[in-house]
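>>> quick one: sequence and predicted model below, then my questions.
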Amino acid sequence: MPSVTIEPYPDERLSENTLAKRFGVSRTPLHEALMKLEEEGLVVGQRNLGYTVSDLDITAFCNLLVVREALDVCAARLACVTATEEDLERLRGVIAQMIELKETEVDTPSDAARNLDLGLYIHRVILEATRNDALVRVSDQVYQQLRMALWLEVLWVDLEHTDLDEHRAIADAICARSRSS
């Protein structure tokens with residue numbers, strides 16, 4: 001019998017019992033999955049009411065992208081001053097992996113996922129190079145809220161790995177400034 005996918009609509013209440021039966025899982029792993037979806041902004045959990053489907057707010061995503069950009073610029077500037085040679089090697093290593101991925105002949109969904117992972121990881125390496133725990137923590141919060149928007153960007157906008165040039169330019173600038181400090 002073919003499976004039927006029913007798309008949930010914004011603000012729809014999700015029944016944990018119904019979902020557990022539908023997917024053939026107990027409530028514990030289902031609850032863990034719902035908490036993960038909540039972290040990613042896809043559902044909203046309310047005490048004693050359960051979970052509802054999030055209404056994706058494009059304006060909110062755009063506002064978060066502005067904040068992300070400001071945090072990324074701040075992190076890059078700080079990393080130029082604080083990055084160690086080990087940090088720079090990690091940065092170069094991520095760029096090498098991005099180049100290798102771009103040069104592969106096959107372009108699969110797993111390549112898109114790997115591209116997103118590397119794109120997020122390079123920002124993490126830069127953040128860690130700042131040695132600024134507050135900046136890392138705030139950036140983590142913003143990136144967590146943007147996870148769905150970043151997936152949409154990769155799947156719909158960034159099919160050709162065009163972010164490699166931008167990431168390489170940022171990494172080169174950090175490496176160049178750190179060596180001259």
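Sure thing, it's come through.

>>> residue contacts, Ala173?
Contacts for Ala173 (CB atoms under 8 Å, 6 or more residues apart in numbering) come out as Ala76, Cys80. The way it works is simple: take the backbone N, C-alpha and C, and place the C-beta from them, glycine included.

>>> again, 6 Å this time
Shown in contact with Ala173 (CB atoms under 6 Å, 6 or more residues apart in numbering): no residues.

>>> how close does it get to Ala76?
7 Å (CB to CB, to the nearest Å).

>>> how does this protein divide up, domain by domain?
13-53, 58-180 (automatic domain parsing).

>>> tabulate the ones you listed in TSV, adding columns for mean pLDDT.
Converted to TSV, the domains of the chain look like this (pLDDT from 0 to 100):
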stretch	mean pLDDT
domain 13-53	82
domain 58-180	85
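
>>> any idea how far Val66 is from Gly119?
Gly119 is 18 Å from Val66, by CB to CB.

>>> can you pull out the strands in the protein?
13-14, 43-46, 50-53 (DSSP state E).

>>> most tightly packed of those strands?
Among these, ranked by average contacts under mean count of other CB atoms under 10 Å, first place goes to strand 50-53 (a mean of 18).

>>> give the partner strands of that one in its sheet and their orientations.
In the sheet, strand 50-53 lines up against strand 13-14 (antiparallel), strand 43-46 (antiparallel) (DSSP bridges).

>>> could I get the full set of helices for this protein?
For the chain, the helices defined by DSSP state H cover 16-23, 27-39, 58-82, 85-102, 109-130, 133-152, 163-180.

>>> of all those, which lies closest to Tyr51?
helix 27-39 (5.1 Å; CB to CB).

>>> send the alpha carbons of that closest one over as PDB?
In PDB, the C-alpha atoms belonging to helix 27-39 read as follows (Å, rounded to 0.1, in the frame of the first residue of the first chain):
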ATOM      1  CA  ARG A  27       6.400   8.200  22.700                       C
ATOM      2  CA  THR A  28       9.900   8.600  24.100                       C
ATOM      3  CA  PRO A  29      11.800   8.800  20.700                       C
ATOM      4  CA  LEU A  30       8.800  10.700  19.300                       C
ATOM      5  CA  HIS A  31       9.100  13.300  22.100                       C
ATOM      6  CA  GLU A  32      12.800  13.600  21.500                       C
ATOM      7  CA  ALA A  33      12.200  14.100  17.700                       C
ATOM      8  CA  LEU A  34       9.600  16.800  18.500                       C
ATOM      9  CA  MET A  35      12.100  18.600  20.800                       C
ATOM     10  CA  LYS A  36      14.600  18.500  18.000                       C
ATOM     11  CA  LEU A  37      12.100  20.000  15.600                       C
ATOM     12  CA  GLU A  38      11.300  22.700  18.200                       C
ATOM     13  CA  GLU A  39      15.100  23.500  18.400                       C
END
